[in-house]
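Asks: no FASTA, just this:
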């Protein structure tokens, strides 16, 4: 069985690392949107999991039922984070999957 070319493997690993960094940087500029309560609460989350905005329809603010608004905000934020993680996974997954093909331990 021939020995793997270490120089070639290192070059591949460096390129994948650069690709991963570039993909992670681009995620900062991508935004997903999620809502709850039929659009009463809307959040925007970047691909690197930063909540950028939360919009609340004034009709959602019921002083008699603050728990409902809390639940809607929580649901919208969680959905936004899930969508942002899915976006990140779709961008980074193919790059990270390539690391396993190098046969390097721990990658």
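Replies: Alright, I've got the coordinates. Only a predicted model underlies this, so the values are computations on that prediction, with no experimental measurement involved.
Asks: count of neighbours near residue 46?
Replies: Close neighbours of residue 46, defined as other Cβ atoms under 10 Å, add up to 18. Placement of C-beta: from N, CA and C, glycine included.
Asks: Beta-bridge partners for it, please?
Replies: Following DSSP bridges, residue 46 is listed with bridge partners residue 31.
Asks: my read: it touches residue 85, true?
Replies: No. Between residue 46 and residue 85 there is no contact under Cβ atoms under 8 Å: 11.4 Å.
Asks: buried stuff in the lowest-mean-pLDDT helix or strand in the chain?
Replies: One helix or strand of the chain scores below all others by mean pLDDT, DSSP states H and E: helix 6-27, with a mean of 85. For helix 6-27, burial by neighbour count (16 or more other Cβ atoms under 10 Å) applies to 12, 16, 20, 23, 27.
Asks: In the chain, what residue spans correspond to helices?
Replies: For the chain, applying DSSP state H gives helices covering 6-27, 66-100.
Asks: now the closest residue in space to residue 92 that isn't next to it in sequence: how far from residue 10?
Replies: Spatial nearest neighbour of residue 92, chain neighbours left out: residue 23 (5.4 Å); criterion: Cβ to Cβ, 6 or more residues apart in numbering. From residue 23 across to residue 10, the span is 20 Å (Cβ to Cβ, to the nearest Å).
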